[in-house]
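Undergrad: Pasting the sequence and the predicted coordinates here, then a few questions.
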Amino acid sequence: MDYLEIAVKAVQLAQKIGAYAAEAYVLDARALTIEVAEQKVETLKQANDTGIGIRVISREQAVGFAHCTGIDSGDIEGVVRQALANSRKSFADRYHFLPGKPQQIPEMDLLDRQLALASVEEKIEKAKEVERAAQRTDKRVRRTERCVYEDADYGVALANSNGLAVAYRSGYCGVYGMVLAEQDGDVQTGMALSYRRRFAELDPAAVGSEAAREAVMLLGAKTIGTTKAALVLSPYIATNFFSILIPALSADAVQKGRSLFKGKLGQKVASPVLSLVDDGRLEGGIASSPVDGEGVLTRRTELVVRGELKNYLYNTYTAAKDNVASTGNGVRGSFKGLPEVGPTNIFIQPGDTEPNAIIAGVRKGFYVTNVMGMHTANPISGDFSIGAAGVWIENGEFTHAVRGVAIAGNILELLNNVDAVGSDLRFFGSQGAPTLRISGITISGS
């Protein structure tokens, strides 16, 4: 089925019926999830989601939107008419318009042929190997919470009345494991994950082994008294703080006064050793694509450069309000909604220091491997108070596991106190970070 032809015809129909400007977004997505425990398949779920979303803009610049899961001509005409009806109930807004046609849309190799050719049995084996590797790594790993293989492939077709017509197909795959280590009545959980564009690049044994090491590392954990020490964040934990950072970097949040970065462009917001990038063209990036969810070319956007705030993330609407160009961050999770502002592949730039050297330079500190309650952090003020677990560091050496402590503060304070950035950039899905060291943080214990 030619989804791009369907999108183009939907736009033409919308204009014929009465739309001043129109856009059609077709999504055809498939996903597979396989969950294994004790070498038995507990869940095997396949899902398909196909549909079209129509956006129309009236001459007065009022927007109407509607969608449906059917994509035959009768369904589409009904959706177009509903979108037009919805536009008549909307308020005019001079910042509503559709992007133009890019001069040249790059070709990107986003779908691994082997991913489609691999059998379900091969994919089940990937999940099983995560569990086997965890148990091989340490005999104290005796139970599995879940070991999972999942993949997805999806096709996008997007057309608008400014002559845009683009289609591409993309996909990814991944494995993750959550395992339990037990010793003397103490039970600890370890987790690891890896997502790739290429099926052959998955290494389930490495994921299982990492999950086991993390679980075993926390056995015998005890709390500590309240103290001030260096904080070392593993790459995964560093990306957990993106739940505060990313909403605050959205131009939509800034324009609504809901961002801690409002009014701070060109100002120092972090340590000079820290740089943050969003890159929609990143080679191998899970969120890479030629265009964003409304047809704007994706690009590399430097958000924070050596501690200085340089850019926000924009879609077409928010860019018009600030009289700037869209950064290609109009994201769509589905055909069922309008494009919002969101990241693509977002990551902290790696430094030159090996993570072992970072830890070796800590006289007294806390290496964090697990945090709890990050969802309670405030993206407007940047304040957070989270539970944490990890390993205590004395004179550059890991000494004992720690749990039952809390870390509280403000994300700007945290960013400004980063004094070392590791060379070990890792991605967890579309978010990446290296090891970070933060000086002088208060850790609250019992």
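TA: Looks like it arrived, so ask away. Computed from a prediction, not measured in an experiment: that's the story for all the values here.
Undergrad: Can I get the lengthiest helix in the chain as PDB, trimmed to CA atoms?
TA: Taking DSSP state H as the criterion, the chain has its longest helix at helix 120-137. Extracted C-alpha coordinates of helix 120-137, given in PDB (Å, rounded to 0.1, in the frame of the first residue of the first chain):
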ATOM      1  CA  VAL A 120      10.500 -15.200  16.500                       C
ATOM      2  CA  GLU A 121      12.500 -18.100  17.900                       C
ATOM      3  CA  GLU A 122      15.800 -16.200  17.400                       C
ATOM      4  CA  LYS A 123      14.300 -13.200  19.200                       C
ATOM      5  CA  ILE A 124      13.100 -15.400  22.100                       C
ATOM      6  CA  GLU A 125      16.700 -16.800  22.300                       C
ATOM      7  CA  LYS A 126      18.000 -13.200  22.800                       C
ATOM      8  CA  ALA A 127      15.800 -12.800  25.900                       C
ATOM      9  CA  LYS A 128      16.800 -16.200  27.200                       C
ATOM     10  CA  GLU A 129      20.500 -15.400  26.800                       C
ATOM     11  CA  VAL A 130      20.100 -12.300  29.000                       C
ATOM     12  CA  GLU A 131      18.900 -14.500  31.800                       C
ATOM     13  CA  ARG A 132      21.500 -17.200  31.300                       C
ATOM     14  CA  ALA A 133      24.300 -14.700  31.200                       C
ATOM     15  CA  ALA A 134      23.100 -13.100  34.500                       C
ATOM     16  CA  GLN A 135      23.100 -16.500  36.200                       C
ATOM     17  CA  ARG A 136      26.500 -17.400  34.700                       C
ATOM     18  CA  THR A 137      28.000 -14.200  36.000                       C
END
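Undergrad: wait, Ile348 sits on Leu233?
TA: No. Assessed by CB atoms under 8 Å, Ile348 is found out of contact with Leu233, at 10.2 Å. C-betas here are computed from N, CA, C, even on glycine.
Undergrad: Residues that sit against both of the two, list them.
TA: Counting by CB atoms under 8 Å, 6 or more residues apart in numbering, the shared contacts of Ile348 and Leu233 are Ala433, Leu436.
Undergrad: Averaged pLDDT, stretch 76-85. What do you get?
TA: What stretch 76-85 shows for mean pLDDT is 95.
Undergrad: Then stretch 159-170?
TA: Taken as a whole, stretch 159-170 has a mean pLDDT of 97.
Undergrad: Number the chain from 31, please
TA: Got it, first residue is 31 now, which makes that one stretch 189-200.
Undergrad: Go through it and flag the buried ones.
TA: With burial defined by 16 or more other CB atoms under 10 Å, the residues of stretch 189-200 counted as buried are Ala189, Asn190, Ser191, Leu194, Ala195, Val196, Ala197, Tyr198, Ser200.
Undergrad: Mind checking the pLDDT average for the helix or strand hosting Ala40?
TA: Ala40 belongs to helix 33-47 when assigned by DSSP states H and E. What helix 33-47 shows for mean pLDDT is 96.
Undergrad: cool, and stretch 238-251?
TA: Across stretch 238-251, pLDDT averages out at 95.
Undergrad: which residues are in contact with it?
TA: Residues from elsewhere that reach stretch 238-251 (CB under 8 Å, 6+ apart): 159-168, 170-171, 177, 207-211, 213-214, 216, 218-222, 399-400, 419-421, 430-434.
Undergrad: filter those residues to the buried ones?
TA: By neighbour count, with 16+ other CB under 10 Å, the contacts of stretch 238-251 hold 159-165, 167-168, 170-171, 177, 207-211, 218-222, 399-400, 419-421, 431-433 as buried.
Undergrad: Of the residues you listed, which belong to strands?
TA: Within these, residues falling in strands by DSSP state E are 171, 177, 207-211, 218-222, 399-400, 419-421, 431-433.
Undergrad: okay, Gln144: pLDDT?
TA: 94.
Undergrad: Tell me how far it lies from Ile154.
TA: 16 Å (CB to CB, to the nearest Å).
Undergrad: again with Leu368
TA: Distance, Leu368 to Ile154, by CB to CB: 38 Å.
Undergrad: Same check on His430?
TA: From His430 to Ile154 the distance is 39 Å (CB to CB).
Undergrad: Val284 is in contact with Pro277, isn't it?
TA: No. In this structure Val284 lies outside contact range of Pro277 using CB under 8 Å: 10.2 Å.
Undergrad: Which one's more surrounded, these two?
TA: Val284 (24 against 19; other CB atoms under 10 Å).
Undergrad: helix, strand or coil for the more buried one?
TA: What DSSP: H, G, I helix; E, B strand; the rest coil gives for Val284 is helix.
Undergrad: What number of residues are in the vicinity of the residue nearest to it when sequence neighbours are not counted?
TA: Leaving aside its chain neighbours, Val284 sits nearest to Lys292 (5.0 Å; criterion: CB to CB, 6 or more residues apart in numbering). With neighbours defined by other CB under 10 Å, the count for Lys292 comes to 15.
Undergrad: Is it correct that Lys292 falls within a helix?
TA: No. Judged by three-state DSSP, Lys292 forms no part of a helix; its state is coil.
Undergrad: Surely it is in contact with Lys286?
TA: No. Counting by CB under 8 Å, Lys286 is not a contact partner of Lys292; they are 9.0 Å apart.
Undergrad: still on that earlier bit, between Gln144 and Ile154, who's got more neighbours?
TA: Ile154 (17 against 12).
Undergrad: Correct me if wrong: the more buried one contacts Glu180.
TA: No. Using CB under 8 Å, Ile154 makes no contact with Glu180, being 11.8 Å away.
Undergrad: what sits in contact with each of the two?
TA: Taking CB under 8 Å, 6+ apart as the criterion, Ile154 and Glu180 both touch Ile64.
Undergrad: burial count for Ser364?
TA: 13.
Undergrad: Quick check: the closest residue to it other than its chain neighbours vs Gly470, distance?
TA: The shortest distance from Ser364 to any non-neighbouring residue, by CB to CB, 6+ apart, is to Leu57 (6.5 Å). Separation of Leu57 from Gly470 (CB to CB): 48 Å.
Undergrad: what pairs with Ala419 across the strands?
TA: With DSSP bridges applied, Ala419 shows beta-bridge pairing to Asn400.
Undergrad: mind listing what it touches?
TA: By CB under 8 Å, 6+ apart, the contact set of Ala419 is Leu248, Ala251, Val398, Thr399, Asn400, Val401, Ala431, Val432, Arg433, Gly434, Val435.
Undergrad: Where does the last one fall, secondary structure wise?
TA: It refers to Val435. Assigned by DSSP H and E, Val435 belongs to strand 427-440.
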